[in-house]
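Chemist: Next input, structure requested:
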Amino acid sequence: MSILALETATEACSVAIILADGQVLSRYEYSPRLQTQLLLPMVDELLAEAGLTPSQLTAIAYSRGPGSFTGVRISAAAAQGLAFGWDLPILAISSLQTLAQTAYRLAGYDRVVSIFDARMNEVYVSAYHLEQGLMQALTPETLCAPDKLPELSAEPWFVVGNGGIYAEAIQRQWIVKTIQTDMYPHAYDLAVLAQSAWQQGHAQAPELALPVYLRDSIWQKLPNKS
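Modeler: Residues are numbered from 1 along each chain as shown. As a prediction, the model looks like this:
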């Protein structure tokens, strides 16, 4: 089993392949507005590094959102196009969950709130905790104002993501251990989550590779922004 993972939901662009033995190969670059130029060359590089052809892949996983309108759309479109071309199923993984998994891998955080700046004084947010090495959701993915965040248990939380710019509002509502705004979801962690999703039978047909915006009218409100 080898799964290709694509992550472009924020300002970063990354690609990963998780192999049958659990080894993960990845590429990552912080690249605002350059995902379309970087994504497919990264895919080619990783396939060559892994010594795989597209026919040897099991599935393609993608970051379904929420996140940047343009970034989420790029990930879904690329996954769908490659899956159709290579006759593979797809796996849709939450970008907020991926960020929580990244926070666990890079910093050891086991109780995480993933929060993205959604513009227009709103955020995308969800809370996660660690279960058997994977970050699992405690709250639904929510679009809300920074001063109307979901209620959380009265315990210290690690808050990660660029939505942490609303630090004052966050600290008024939650017990916060740290706020880290410079962490972005990584395809390495998306691939790990995708492997679990595959094992649980969550693969879908390519035509179901759709982005999740939480705010479907964003394109009308922000025609010139991601």
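Chemist: separation between residue 20 and residue 201?
Modeler: 18 Å (CB to CB, to the nearest Å). Bear in mind the C-beta positions are built from the backbone N, C-alpha and C, glycine included.
Chemist: Neighbour count for these two, which is higher?
Modeler: The residue with more neighbours, out of residue 20 and residue 201, is residue 20; 10 against 6, by other CB atoms under 10 Å.
Chemist: need the helices for this protein, in chain order.
Modeler: Taking DSSP state H as the criterion, the chain contains helices spanning 35-50, 69-86, 95-107, 167-173, 187-199, 218-221.
Chemist: The fourth one packs against which elements?
Modeler: Here helix 167-173 is seen to pack against strand 176-180 when contacts are counted using 3 or more CB pairs under 8 Å, 6 or more residues apart in numbering; DSSP states H and E.
Chemist: ok now the strand it packs on, how far from the chain's centre?
Modeler: Taking the mean of its C-alpha atoms, strand 176-180 sits 20 Å from the chain's own mean (CA atoms, centre = their mean, to the nearest Å).
Chemist: go on, stretch 189-199?
Modeler: Offset of stretch 189-199 from its chain centre (CA atoms, centre = their mean): 12 Å.
Chemist: neighbouring contacts of stretch 68-84?
Modeler: Residues outside stretch 68-84 that contact it (CB atoms under 8 Å, 6 or more residues apart in numbering): 4, 6-11, 33, 35-36, 39-40, 43, 54, 59-66, 88-90, 95, 206-207, 209-213, 218-219, 222, 225-226.
Chemist: Can you pull out the low-pLDDT segments for this structure?
Modeler: Judged by pLDDT under 70, the chain has its weakly predicted residues at 216-226.
Chemist: mind exporting stretch 76-84 as PDB, just the C-alpha atoms?
Modeler: The C-alpha trace of stretch 76-84 is given here as PDB (Å, rounded to 0.1, in the frame of the first residue of the first chain):
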ATOM      1  CA  ALA A  76      -9.100  18.900  -4.500                       C
ATOM      2  CA  ALA A  77      -8.700  19.600  -8.200                       C
ATOM      3  CA  ALA A  78      -5.200  18.100  -8.400                       C
ATOM      4  CA  ALA A  79      -6.300  15.000  -6.500                       C
ATOM      5  CA  GLN A  80      -9.300  14.500  -8.700                       C
ATOM      6  CA  GLY A  81      -7.300  15.000 -11.900                       C
ATOM      7  CA  LEU A  82      -4.600  12.600 -10.900                       C
ATOM      8  CA  ALA A  83      -7.100  10.000  -9.500                       C
ATOM      9  CA  PHE A  84      -9.000  10.000 -12.800                       C
END
